[in-house]
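Enquirer: Test case, fold it:
(one chain, ligands or ions: 1)
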Amino acid sequence: MANLAEQFVHEMWTAPRAWLLLLLPLFLLLLRSWWATLFGLGANRARDHHQQQQQQQQRDGHHRLPPSPPALPVLGHLHLVGSLPHVSLRDLAGRHGPDLMLLRLGSLPVLVVSSPRAAEAVLRTHDHVFASRPHSLVGEVVLYGPSDVGFAPHGDYWRRARKLITAHLLSARRVQSFRHAREGEVGAVVGRIAEAAAAGAAVDAGELLSSFANDLVCRAVMGASFRSEGRNRLFRQLVCDTTPLLAGFNVEELFPFLARFGVLKKVVRARSERLRRRWDELLDRLIQDHESKYEPMAASDPKDDDDFIHVLLSVRQDYGLTRDQMKGLLLDVFVGGIDSVSSTLEFTIAELMRKPRVMEKLQAEVRSSTPTGQEIVSEDDLKSMPYLRAVTKESLRVHNVTPLLAPHLSMASCSVDGYAIPAGVQVLINAWAIARDARYWGEDAEEFVPERFIDGGSAVDVSFKGSDFQFLTFGSGRRMCAGMNFAVATVEVMLANLVHRFDWELPPGKEGRDIDMSQVFGLVVRRKEKLLLVPKLRA
Ligand code: HEM
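Expert: Here you go, the predicted model:
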């Protein structure tokens with residue numbers, strides 16, 4: 001779909017009879033313009049009054065709104081946002097608001113943040129004002145309220161839930177204790193690649209890496225691998241069906257007045273409820289299985305290597321968790337943890353295929369730092385691999401798979417950079433644009449150059465952990481990614497193992513420079529083109 005305006009028309013078409021409603025505002029607009037022509041004098045007076053108001057606002061710096069491009073009636077700026085919103089928003093910001101820009105997408109006011117300075121104002125100085133999330137009907141139904149952390153509005157529930165997952169599910173200690181499971185899943189992938197290498201077959205890197213990320217999350221949640229039973233595949237299908245609905249820019253959110261007519265709301269709700277029933281079926285069964293096995297021990301403190309369902313059962317009384325809230329928190333891990341990791345890995349291996357120099361340097365480091373005869377690179381071995389860390393950081397910078405972070409919402413009006421930001425405005429932080437801006441990263445900002453992150457490099461001290469506002473892949477402040485440790489540990493160990501025992505070739509007739517790096521936008525950005533690679537066991 002070419003842009004959001006087209007998406008809107010598509011969604012209207014698929015919602016029975018709803019498109020008729022579009023005619024209503026258009027009719028009202030025609031009526032208004034006819035009225036204005038007829039009573040031109042009155043219209044001119046109104047325009048003079050509006051200009052006077054604007055001049056008054058400009059004289060009084062605190063009441064200025066951030067700059068905006070010219071808007072269309074009804075659509076606002078929707079027609080200016082293409083199929084890759086982060087790219088359109090960067091281009092628009094360059095022309096209209098390099099730090100802050102106010103758009104109207106349908107009837108939704110959206111503040112676009114495009115510089116480290118403005119991002120710091122929103123995510124650090126005024127973090128307490130911008131720490132909420134916009135309401136989404138899909139989130140309300142599919143995410144049990146929402147009872148997850150990622151979509152929950154700021155407030156007591158979110159605070160409690162965030163504390164639970166950061167202290168018990170995704171803490172650095174638990175991520176570390178989970179290393180053997182991670183190494184086990186990595187070993188299974190290495191086995192699959194070795195089979196393909198022996199048969200001289202190509203592997204689909206996207207498929208391989210997303211089933212790896214899915215199997216890993218399933219194992220973290222359930223404690224064992226259900227790959228052979230096919231249960232993992234059911235989860236994968238469900239995640240694939242859920243993420244497009246949660247990706248935002250839904251018609252009922254852009255045009256709430258249409259939702260009020262009821263037709264659209266019913267369609268979206270029905271679609272979401274079908275999805276939720278499928279989640280219920282799987283998650284209820286899993287939780288019941290765990291309850292029957294673990295109930296006697298549930299009161300005891302969770303151990304480091306317990307699976308996530310066991311941990312939630314152990315702390316549910318302390319946190320007063322309901323069954324739906326438990327399911328919401330598990331959905332955080334499925335929705336937040338699979339596509340983000342696999343897409344990052346796929347972009348990274350594609351970059352390595354385009355840059356043989358970087359691939360060879362990385363292979364040399366990984367191979368020389370792993371004990372001879374050891375089939376799997378362990379997490380201990382990674383400690384002596386600074387170039388691997390630099391490659392991972394560079395990939396997280398250039399191929400930020402969550403380019404606009406997750407939308408924030410202003411809970412009160414406040415002043416940022418001399419502009420008035422009203423309450424109830426959605427905030428998109430264009431982390432992708434900031435991370436590729438030559439003003440903060442130098443002339444080679446768009447290039448994949450891991451050396452910038454190692455000794456002597458221009459960005460050696462720049463980190464993605466939330467203190468450097470030119471590198472916001474995981475966000476910053478109180479809504480920062482809760483799964484960063486889990487993600488980085490997974491990407492690093494899988495990447496090291498992809499290049500340790502294998503050399504990689506493209507299918508006959510293709511060269512590195514032919515690899516198309518085009519993206520498809522969604523909750524997580526992914527590669528558009530399938531990446532087929534031929535593994536060769538290293539001699
Ligand atoms: C490369 C992988 C990943 C990237 C790039 C990423 C990025 C992000 C970003 C940008 C946000 C929103 C920050 C904001 O709104 O300011 C976020 C939130 C979140 N992420 Fe991740 N993430 C990744 C992996 C994971 C994993 C593996 C998990 C869980 C296992 C996870 C769980 C979450 C949760 C729960 C939130 C919501 C935090 C909140 O709203 O309080 N993420 N992530």
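
Enquirer: Next to the ligand, which bits of this protein? Give me the list.
Expert: Proximity of the chain to the ligand (Cβ under 6 Å from any ligand atom) is limited to residues 149-150, 162, 170, 332-333, 336-337, 340-341, 344, 401-402, 405-406, 473-475, 479-483, 486-487. Heads up, the C-betas are built off the backbone N, CA and C, glycines and all.

Enquirer: Filter the residues you listed down to the buried ones and hand me the PyMOL line.
Expert: Filtering the residues of the chain next to the ligand down to the buried ones (16 or more other Cβ atoms under 10 Å) takes a single PyMOL command:
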select buried, resi 149+150+162+170+332+333+336+337+340+341+344+401+402+405+406+473+474+475+479+480+481+482+483+486+487
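
Enquirer: now, which of the residues of the chain next to the ligand lie within helices?
Expert: Taking DSSP state H, the ones among the residues of the chain next to the ligand that sit in helices are R162, D332, V333, G336, G337, S340, V341, T344, F486, A487.

Enquirer: and the next element down the chain from the longest helix seen in the chain?
Expert: Longest helix in the chain, counting residues (DSSP H): helix 263-294. Going down the chain from helix 263-294, the next helix or strand is helix 308-319, by DSSP states H and E.

Enquirer: Give the other helices and strands that that next one contacts.
Expert: Applying 3 or more Cβ pairs under 8 Å, 6 or more residues apart in numbering; DSSP states H and E, one finds that helix 308-319 contacts helix 156-164, helix 205-222, helix 263-294, helix 323-337.

Enquirer: re earlier: farthest-apart pair in the ones in helices among the residues of the chain next to the ligand, please.
Expert: Spatial extent of those (Cβ to Cβ) is set by the pair R162 and T344 at 22.8 Å.

Enquirer: ok, now which ones touch the residue of the stretch 401-539 of the chain found nearest the ligand?
Expert: The stretch 401-539 of the chain approaches the ligand most closely through G483 (2.0 Å), counting by Cβ to the nearest ligand atom. For G483, the contact set (Cβ atoms under 8 Å, 6 or more residues apart in numbering) comprises L170, V333, G336, G337, S340.

Enquirer: Correct me if wrong, but L123 is in a helix.
Expert: Yes: when DSSP: H, G, I helix; E, B strand; the rest coil is applied, L123 is found to be in a helix.

Enquirer: could you list every residue that touches it?
Expert: Going by Cβ under 8 Å, 6+ apart, L123 touches F130, I429, F469, L472, G475, S476, G477.

Enquirer: repeat for L246
Expert: Taking Cβ under 8 Å, 6+ apart as the test, what L246 contacts is S136, V138, G139, V142, L143, F151, V335, L523.

Enquirer: Compile those into CSV and extend it with columns for neighbour count, distance to L352 and secondary structure.
Expert: What follows is these, written out as CSV (neighbours: other Cβ atoms under 10 Å; distance: Cβ to Cβ, whole Å; DSSP: H, G, I helix; E, B strand; the rest coil):
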residue, neighbour count, distance to L352, secondary structure
S136, 21, 37, coil
V138, 24, 36, helix
G139, 24, 36, helix
V142, 27, 36, helix
L143, 27, 36, coil
F151, 25, 34, coil
V335, 23, 28, helix
L523, 20, 25, coil
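
Enquirer: And these, which is closest to D99?
Expert: For the contacts of L246, the nearest to D99 is L523 (26.2 Å; Cβ to Cβ).

Enquirer: With P67 as the reference, measure out to H77.
Expert: According to Cβ to Cβ, to the nearest Å, H77 and P67 sit 12 Å apart.

Enquirer: Distance check, whichever residue of the stretch 1-150 of the chain sits closest to the ligand against V335.
Expert: Residue of the stretch 1-150 of the chain nearest the ligand, by Cβ to the nearest ligand atom: G150 (3.5 Å). Here the distance between G150 and V335 works out to 7 Å (Cβ to Cβ).

Enquirer: for R276, same thing?
Expert: Distance of R276 to V335, given as Cβ to Cβ: 13 Å.

Enquirer: Could you do V416 as well?
Expert: Distance from V416 to V335, by Cβ to Cβ: 30 Å.

Enquirer: thinking again about what came up before, any chance of a markdown table for the contacts of G483, columns distance to D461 and pLDDT?
Expert: Output for those, formatted as a markdown table (distance: Cβ to Cβ, whole Å; pLDDT from 0 to 100):
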| residue | distance to D461 | pLDDT |
| --- | --- | --- |
| L170 | 26 | 96 |
| V333 | 31 | 96 |
| G336 | 28 | 94 |
| G337 | 28 | 95 |
| S340 | 25 | 97 |
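
Enquirer: quick one, what contacts the residue nearest the centre of the chain?
Expert: Among the residues of the chain, T402 comes closest to the average C-alpha position under Cα atoms, centre = their mean, at 3.6 Å. With contact taken as Cβ under 8 Å, 6+ apart, T402 is in contact with S340, A431, T473, L523, V524, V525.

Enquirer: Give the full set of residues in contact with the second one.
Expert: Contacts of A431 were listed using Cβ under 8 Å, 6+ apart, and they are A119, N400, T402, P403, L404, L405, L472, T473, G475.

Enquirer: quick one: which two of those residues are the most distant?
Expert: Using Cβ to Cβ for every pair in the contacts of A431, the one that comes out farthest apart is A119 and T402, at 14.0 Å.

Enquirer: wouldn't R397 be in contact with D437 here?
Expert: No: contact criterion Cβ atoms under 8 Å: R397 and D437 do not qualify, at 11.1 Å.

Enquirer: So for these two, which residue has more residues nearby?
Expert: More crowded of R397 and D437, by other Cβ atoms under 10 Å: R397, with 27 against 20.

Enquirer: Which helix or strand contains that one?
Expert: helix 386-398.

Enquirer: Distance from that helix to the middle of the chain?
Expert: Counting by Cα atoms, centre = their mean, to the nearest Å, helix 386-398 is centred 18 Å from the centre of its parent chain.

Enquirer: So what touches it?
Expert: Against helix 386-398 from outside (Cβ under 8 Å, 6+ apart): 344, 347-348, 351-352, 358, 361-362, 365-366, 382, 435-436, 441, 446-455, 457, 464, 471, 473, 488, 491-492, 495-496.

Enquirer: How about stretch 455-472, which residues are buried there?
Expert: Neighbour counts over stretch 455-472 (16+ other Cβ under 10 Å) mark A459, V462, F464, G466, D468, F469, Q470, F471, L472 as buried.

Enquirer: Can you show me the strands along this structure?
Expert: 100-105, 108-113, 203-204, 408-409, 414-416, 419-421, 426-429, 502-505, 519-520, 526-527, 532-537 (DSSP state E).
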